[in-house]
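Novice: Following is a predicted model, sequence given first.
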Amino acid sequence: MRGWLATVLKPVQSDAPEREAADPARLRPARLRPVWLGVGLLAVLVAAIVGVSYGPVSLPMSAVAVELLDLLPGVDLVSGLSEREQALLVQLRLPRVVLGLLVGGLLALAGGCYQGVFRNPLADPHLLGVAAGAGLGVTAVITLRRGAGADATAALPLATPLAAFVGAITAVILTYVLASRGGGDRSPSTLILAGVAVSAFLAAAQTFLMQRDADAIREIYSWLLGRLGTAGWRDVLLVLPYAVVTVVVMLLHRRDLDVLSVGDAEAAGLGLNPQRTRYVLAAAASLGTAAAVSVSGLIGFLGIIVPHTVRLLAGAGYRTILPLSMLFGGAFLVLTDLLARTAAAPSEIPIGVVTAFLGAPFFVLVLRTSTRMRL
Amino acid sequence: MTAPHPVITTRGLRVELGGGVILHGVDLTVEAGEWVAIIGPNGAGKSTLLNAVTGLVPATGVASLFGRDVRRMRHRERARVVAMVVQSPVVPPGVTVLDYVLLGRTPYIPRFGRESAADLDVVREVLVRLELRDFADRVLPTLSGGELQRVFLARALAQEARLLLLDEPTSALDIGHQQEVLDLVDTLRRDRGLTVLTTMHDLSIAGAYADRVVLLAGGRVVASGTPPEVITESMIATHYQARVRVVDTEDGPLVVPIRTP
């Protein structure tokens, strides 16, 4: 791991002292370095091309690249793919990859944001109970919808993300209140323990709803384990507006998260309104989580894995962490989805299972470092 | 410019927190260029007074900075006239000295904007002045207590505020570093025309550095004046329940604890 890291970091590191030597007075504040932005965009591009090329039917990558360019307005190229292959690419694989980029980006972004808002390295949409709250919201909609008949679905296409958002916001408030009332020691684990309690409660409520409607169990269960796109472009369109709001709000406030990191009293002394900033950002993170959960179920640990890796590689400032988490989160989920689709082909492993396999050991790692460094 | 107004004016400043009254009507005036030390036993309300002066805790009564009601100032505007270093500031992990000090420029950076070259110039000057230039790329948790205290001070100075509030600036430092930090504050005060309000535990140190001392006990000002006027054996016996001998020196009163006879 260390050797691999060293190779990746080498060009960046060898370049830095030279510039510093050329201009010793140069101060380099933590900003998003163009190199890292480039690496992030490249990761997204590579993941997208790999993601659409591989599957039960593999398509030649060069033809896929040409076909994707052909989709751009004003570009007219011939890829040589058959009509069936084109349909597979554009109607099935592409929406799935785009959804993966959106959901992965949102979950990683939300994780990074919660970590800043709560000044807690362990914060994550799932560990805070936010995802469980969103899950309960979605379950309620699915069961109610079945009770009301199909018409309700047509009348309320946006009900799912909204219900998820209400559930998510309720959960994060519950967790926060529980943690600040219950634990006086303000250690990172207090908040997570509160999140576990809230999660357990909400999951129980969700199971209760599920059991009352035996027919819905299958639908809910397959959604619950995490999956990317069975509905093609419809899911993408459903999540897109929420994603845009979340991303814009968070990226506008990314410097405020750095200010919050010095503590509330100091942040207020620096001219920030810490409470208001925290509310706005927590709401944005919950909205993003809710949107992601409502289309793709419970995909855990992205909010821990991605922001911490970014922090380790590219720097600690939220101005770096947030945008890069979004890019790498998207790329990571698309590749994870590829693994989930192909590892046990022809059947699919639920993607939430794969991220949990990868994420749980990583969480233990973060827990160990954060206790040692008393983050 | 603002000569007619004192830097700090409070009249009948009263603070209630968690059902208890912390400050019972405090009157305090601090003139431009003064160094005033607030002393008093634990729980006297010293830190609360600093917070109330900056409007960070809800208070009733008058609290004004440079003649303006602190509660009517906008957050950012207030952050440009008063900079505060709290007693034990949060040390954010993974943040470099440079980035931490740059946070002091927050009140000047446009909302949703980024720091300008001018902001970087201010920070560079502060880092050089506080001999932190070589530490710019170091991560905060790797610094020693004395270095950290200089970094906190640097962040406050980067705010370019004319009033500096320091809550127990030396409580975590050994005697050498205490002197180093306080000498630095004193030099900066003279060079930059700053006004300084500090809370202090160590009475001898308070007497050595402050122009004026305010003794706070039970949320009330019980004495105020030059160090020799306030730091006396009887005052300390009454309000600290401590047995001390006060020795007058040319640097101010020296407080020596004595054992029960």
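Specialist: Arrived safely, thanks for sending.

Novice: Now for the residue minimising distance to the centre of chain A: which residues touch it?
Specialist: Centroid-nearest residue in chain A, with C-alpha atoms, centre = their mean: A:Leu107, separated by 1.6 Å. Shown in contact with A:Leu107 (C-beta atoms under 8 Å, 6 or more residues apart in numbering or on different chains): A:125, A:288-289, A:292, A:299, A:302-303, A:329, A:333. Where you see a C-beta, it was placed from the backbone N, CA and C, and this is true even at glycine.

Novice: Kindly recompute the last result at 6 Å.
Specialist: A:292, A:302-303 (C-beta atoms under 6 Å, 6 or more residues apart in numbering or on different chains).

Novice: Which one (most neighbours) among those residues?
Specialist: Tallying neighbours with other C-beta atoms under 10 Å in any protein chain shown puts A:Ala292 at the head of the contacts of A:Leu107, with 34 neighbours.

Novice: What number of residues are in the vicinity of the closest residue to chain B within the stretch 1-150 of chain A?
Specialist: Per C-beta to the nearest C-beta, A:Ala30 is where the stretch 1-150 of chain A lies closest to chain B, at 4.8 Å. Neighbour count of A:Ala30, defined by other C-beta under 10 Å: 20.

Novice: Nearest residue to it in space, please, no chain neighbours.
Specialist: A:Gly317 (3.5 Å; C-beta to C-beta, 6 or more residues apart in numbering or on different chains).

Novice: Could you pull up phi and psi at the one you found?
Specialist: phi -70, psi 140 (degrees, to the nearest 10).

Novice: likewise the one 3 residues further on?
Specialist: Here is the backbone geometry of A:Thr320 (degrees, to the nearest 10): phi -90, psi -40.

Novice: Contacts only, for it.
Specialist: A:Thr320 neighbours (C-beta under 6 Å, 6+ apart): A:32, A:314.

Novice: try it again with 7 Å
Specialist: A:30, A:32, A:36, A:314 (C-beta atoms under 7 Å, 6 or more residues apart in numbering or on different chains).

Novice: A:Gly104 contacts A:Phe332, correct?
Specialist: Yes - using C-beta atoms under 7 Å, A:Gly104 is in contact with A:Phe332, at 5.7 Å.

Novice: near chain B, which residues of the stretch 201-350 of chain A?
Specialist: A:252, A:258-259, A:261-263, A:265-266, A:268-273, A:311, A:316-317 (C-beta under 7 Å from any C-beta of the partner chain).

Novice: buried ones in stretch A:46-66?
Specialist: For stretch A:46-66, a neighbour-count test (16 or more other C-beta atoms under 10 Å in any protein chain shown) marks A:47-55, A:59, A:63-66 as buried.

Novice: rewinding a little: out of the contacts of A:Thr320, which are buried?
Specialist: Counted by 16+ other C-beta under 10 Å, the contacts of A:Thr320 give A:30, A:32, A:36, A:314 as buried.

Novice: Next, report how far stretch B:166-175 is displaced from the centre of its chain.
Specialist: 10 Å (C-alpha atoms, centre = their mean, to the nearest Å).

Novice: pull the CA atoms of that stretch into CSV?
Specialist: Only the C-alpha atoms of stretch B:166-175 are listed here, as CSV (Å, rounded to 0.1, in the frame of the first residue of the first chain):
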residue,chain,number,x,y,z
LEU,B,166,-6.9,36.8,25.1
ASP,B,167,-8.5,34.2,27.5
GLU,B,168,-5.7,32.8,29.7
PRO,B,169,-3.1,33.1,26.9
THR,B,170,-0.4,31.5,29.0
SER,B,171,-2.1,28.9,31.1
ALA,B,172,-0.6,26.0,29.2
LEU,B,173,3.0,27.4,29.0
ASP,B,174,6.1,27.1,31.2
ILE,B,175,7.4,30.3,32.6
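
Novice: Checking it against chain A, do any of its residues make contact.
Specialist: No - in terms of C-beta under 7 Å from any C-beta, no part of stretch B:166-175 sits within range of chain A; the closest distance is 9.5 Å.

Novice: circling back to that earlier point, can you tell me which of the buried ones among the contacts of A:Thr320 end up in helices?
Specialist: A:36, A:314 (DSSP state H).

Novice: closest to B:Val30 among the buried ones among the contacts of A:Thr320?
Specialist: Closest approach between the buried ones among the contacts of A:Thr320 and B:Val30, by C-beta to C-beta: A:Ala30, at 36.3 Å.

Novice: pretty sure that closest one is touching A:Arg311, no?
Specialist: No - using C-beta under 7 Å, A:Ala30 is not in contact with A:Arg311, being 11.0 Å away.

Novice: Give me the pLDDT value at the residue of the stretch 1-150 of chain A closest to chain B.
Specialist: pLDDT, A:Ala30: 75.

Novice: Compute the distance between it and A:Ala110, please.
Specialist: 21 Å (C-beta to C-beta, to the nearest Å).

Novice: What of A:Phe332?
Specialist: From A:Phe332 to A:Ala110 the distance is 14 Å (C-beta to C-beta).

Novice: repeat for A:Arg119
Specialist: Counting by C-beta to C-beta, the gap from A:Arg119 to A:Ala110 is 16 Å.
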